[in-house]
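okay, sequence plus prediction incoming.
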Amino acid sequence: KSLMIAVVKKRLKPVGDDVQGHGEVKFQDIRLYLVERKMGRSRRTFLTQLARSKGFAVEDNLSDGVTHVVSEENQATWLWTWLKESGLRDLPRMQVLDISWFTESMREGRPVALETRHYIQDVSLILPEASPTPPVAAVSQYACQRQTTTENHNKKFTDAFDVLVENYELNDNDGPSVAFRRAASVLKSLSWTVRSLEATNGLPCLGDHSKTIIEEILQYGCSSDVEKILRDERYQTLKLFASVFGVGPKTAEKWYRKGLRSFDEVLAEPGIQLNRMQEAGFLHYGDISRAVSKAEAQALGSIIDEAVQRITPHAVLVLTGGFRRGKEFGHDVDFLLTTPEPGKEEDLLLTVIKIFRKQGLLLYCDYQASTFDMSKFPCLKFEAMDHFPKCFLILRLEGSRVEGGVQQEEGDDRGWRAVRVDIVSPPIDRYAFALLGWTGSRQFERDLRRFARWERKMLLDNHGLYDKTKNKFLAAKTEKDIFAHLGLEYMEPWQRNA
């Protein structure tokens, strides 16, 4: 009889009395709450025990301590109404997720990275009559999980951040530069315009300094920090010098410390010996400091393709960079050139350069032979420039090759202009990785590498993708293969303008 009573009591024990003491909590920053409605009590109990056995903290009651709310088969309208009526103060910061995220996390034995498909959006915020501000929980900290087109709804803020980024880069101060790049990238990805500081609550990568800049612009139309930089003689001079092809921040700083403030002073200074790249930069400054149009980029592609076809009809030439991402203008033009025959890519590039020289198109050439050695990878330290054969060129572009003619200054009747062109020639088995890297944007690629390392325990660069848990390189023929290896939703090039 006593045994029967004990069994009955155990059956009537409420869910949640058997609290979090089961197993070690491995993921301290995550506290789950499973919505019982539709899920059912017995299934919720089972899933709670499963999650706790894998090291997840699961709360029995909904509170402000919860970070992730997981719902199964509930309508978004009901769910968000219920959440808003629950009296939570920290609701905007909570991740409100579909059960699919939970099941994927259980399968992996760790919290998988959040993707757009995992979120359950607050439908009241996407109705036409409602506020245009979507739930901030839907904004990932990684640019590779945010679709960013060329349409920027927050340009007045991102332009201000860009000035700060440039100033910190000219002063070789990477920390703040990266921080403001991330902040600008988040704002560029938004499909709505920030109209109040409160609207930024819960957005990732926006620190106190970034929010101060936003608040000032909202109140006064400008930022005092940005205005101060724009008026600063040092910033103006360093920016001017660094705009010359071949002149980096350190050289610009060196010239500034010599007391130089203009190009004329630099060129007249007897103690300065310009290298070949800098000489070409000053010689063609008027042309290569101006934007290159998409029509001009396409014309250059046709010229290069004509040269390539004379060598081999099977070669692959692709326009990369901002133009592949849908931009109408850029500061130079980048191409990827490869051939199906392994090991022939370097000879192909050298032959193309010879053709340009014979045609009188080559105004400047800096060729760099391949230093690619797979045995030296993976490399823990990312290098800005890959090890494939490449050339940095200045080409003569005739106006007759461009629809509408070339971009020229008023009064310039030469009928041609100089354009900066980079051509990189990876081996065919490295082509997908190089294409992904050279397409950009810079912040997209930075966050893609960061995501690979921290979320997937992988190392990614322009040469390959290495899985540290399996101790092997992962093959990829296309960019989609790389996204699939990383467990990421594929983004088209025009969605990578981070």
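Great, that's in hand.

Tyr313 and Thr339: what is the separation?
No Tyr there; residue 313 is Pro. Going from Pro313 to Thr339 by Cβ to Cβ, to the nearest Å gives 10 Å. C-beta here means a position set from N, CA and C on the backbone, and glycine is covered the same way.

nope, Ala199 is what I meant
Taking Cβ to Cβ, one finds Ala199 at 51 Å from Thr339.

quick one, which of these two is more surrounded?
Thr339 (22 against 18; other Cβ atoms under 10 Å).

residue contacts, the more buried one?
With contact taken as Cβ atoms under 8 Å, 6 or more residues apart in numbering, Thr339 is in contact with Thr312, His314, Ala315, Val316, Glu345, Leu348, Ile428.

which ones among these lie within strands?
Using DSSP state E, the subset of the contacts of Thr339 located in strands is Val316.

neighbour-wise, give me the winner out of the contacts of Thr339.
Of the contacts of Thr339, Glu345 is surrounded by the most neighbours, 26 neighbours in total, counting by other Cβ under 10 Å.

okay, strands next: where are they in the stretch 251-400 of the chain?
Remark: strands assigned in the stretch 251-400 of the chain by DSSP state E, counting those that start in this stretch are 292-293, 316-319, 329-330, 333-338, 362-368, 390-398.

packing partners for the longest one?
It stands for strand 390-398. In terms of contacts (3 or more Cβ pairs under 8 Å, 6 or more residues apart in numbering; DSSP states H and E), strand 390-398 is packed against helix 294-311, helix 345-359, strand 362-368, strand 416-424.

any idea how far apart the tips of stretch 284-294 sit?
Taking Cα to Cα, to the nearest Å, stretch 284-294 runs 20 Å from one end to the other.

pLDDT of that stretch, averaged?
Averaged over stretch 284-294, pLDDT sits at 96.

before we move on, what about stretch 398-408?
Averaging pLDDT residue by residue across stretch 398-408 gives 89.

quick one: contacts of it?
Here stretch 398-408 makes contact (Cβ under 8 Å, 6+ apart) with 290-293, 295-296, 299, 302-303, 397, 414-417.

out of these, who's nearest Lys188?
Distance to Lys188, by Cβ to Cβ, is smallest for Ala291 among these, at 19.3 Å.

correct me if wrong: the closest one contacts Asp332.
No - in this structure, Ala291 is not within contact of Asp332 by Cβ atoms under 8 Å, at 9.9 Å.

who has more neighbours out of those two?
Per other Cβ under 10 Å, whichever of Ala291 and Asp332 has more neighbours is Asp332, with 18 against 12.

who's in contact with that one?
Asp332 neighbours (Cβ under 8 Å, 6+ apart): Ile288, Val292, Gly321, Val419, Arg420, Val421, Asp422.

can you do 6 Å?
The contact partners of Asp332, by Cβ atoms under 6 Å, 6 or more residues apart in numbering, come to Arg420.

let's see the pLDDT reported for it.
So, for Asp332, pLDDT stands at 97.

what do you get for Leu380?
At Leu380, the model reports a pLDDT of 68.

please apply the same query to Leu114.
In this prediction, Leu114 carries a pLDDT score of 78.

confirm that it sits in a helix.
No - applying DSSP: H, G, I helix; E, B strand; the rest coil, one finds Leu114 to be coil, outside a helix.

count the residues that sit near the nearest residue to it once chain neighbours are set aside.
Using Cβ to Cβ, 6 or more residues apart in numbering and skipping the chain neighbours, the partner closest in space to Leu114 is Ser140 (6.0 Å). Neighbours of Ser140 under the rule other Cβ under 10 Å: 20.

just Glu108 next, same as before
Look at Glu108: counted by other Cβ under 10 Å, it has 11 neighbours.

do I have it right that Ser185 meets Asn497?
No - Ser185 is beyond contact range of Asn497, at 9.4 Å (criterion: Cβ atoms under 6 Å).

so what's the residue count around Glu346?
Using other Cβ under 10 Å, Glu346 is surrounded by 18 other residues.

dihedrals phi and psi, the residue lying closest to it once chain neighbours are set aside?
Excluding its sequence neighbours, the residue lying closest to Glu346 (Cβ to Cβ, 6+ apart) is Pro389, at 4.4 Å. Backbone torsions of Pro389, given as degrees, to the nearest 10, read phi -60, psi 140.

Pro389 and Leu348: what is the separation?
Distance from Pro389 to Leu348, by Cβ to Cβ: 9 Å.

next: Thr81.
62 Å.

with Gln147 instead?
Gln147 is 35 Å from Leu348, by Cβ to Cβ.

one more: Ala199?
From Ala199 over to Leu348 (counting by Cβ to Cβ), the distance is 52 Å.

can you check Val424 too?
Between Val424 and Leu348 the computed distance is 12 Å (Cβ to Cβ).

okay, now the unreliable bits of the stretch 351-498 of the chain?
Residue ranges of the stretch 351-498 of the chain with pLDDT under 70: 380-384.

and the helices in it?
Taking DSSP state H, counting those that start in this stretch, the helices of the stretch 351-498 of the chain run over residues 431-439, 442-456, 479-486.

quickly compare those and say which is most buried.
helix 431-439 (a mean of 22; mean count of other Cβ atoms under 10 Å).

name the helices or strands packed onto that helix?
Where contact means 3 or more Cβ pairs under 6 Å, 6 or more residues apart in numbering; DSSP states H and E, helix 431-439 is packed against strand 333-338, helix 479-486.

could I get the helices and strands packed on strand 390-398 as TSV with distance to Ser105?
Shown next, in TSV, are the helices and strands packed on strand 390-398 (distance: least, Cβ to Cβ, whole Å):
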stretch	distance to Ser105
helix 294-311	43
helix 345-359	42
strand 362-368	45
strand 416-424	38
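
right, and those - which one's nearest Val178?
Taking these one by one with Cβ to Cβ, strand 416-424 is closest: 23.9 Å.

for the residue nearest to the spatial centre of the chain, what are its contacts?
Taking Cα atoms, centre = their mean, the centroid of the chain lies closest to Phe444, which sits 1.0 Å from it. Residues counted as contacts of Phe444 (Cβ under 6 Å, 6+ apart) are Ala143, Arg496, Ala498.

ok, it to Leu47 distance?
35 Å.

contacting residues around stretch 264-277?
Here stretch 264-277 has contacts from Gly246, Trp255, Leu260, using Cβ under 6 Å, 6+ apart.

again with stretch 297-311
Here stretch 297-311 has contacts from Ala315, Leu317, Leu319, Phe323, Val333, Thr351, Val352, Ile355, Arg401, Val402, using Cβ under 6 Å, 6+ apart.

just among those residues, which is most surrounded?
Highest neighbour count within these, by other Cβ under 10 Å: Val333, with 27 neighbours.

isn't it right up against Arg420?
No - between Val333 and Arg420 there is no contact under Cβ under 6 Å: 7.0 Å.

where do the helices of the stretch 51-200 of the chain begin and end?
76-84, 99-108, 155-170, 174-189.

packing partners for the third one?
I take that to be helix 155-170. Where contact means 3+ Cβ pairs under 6 Å, 6+ apart, helix 155-170 is packed against helix 174-189, helix 208-220, helix 224-231.

ok, now with 7 Å
Applying 3 or more Cβ pairs under 7 Å, 6 or more residues apart in numbering; DSSP states H and E, we find helix 155-170 packed against helix 174-189, helix 208-220, helix 224-231, helix 233-242, helix 249-257.

then the second one?
Contact analysis of helix 99-108 by 3+ Cβ pairs under 7 Å, 6+ apart lists strand 68-71 as its packing neighbours.
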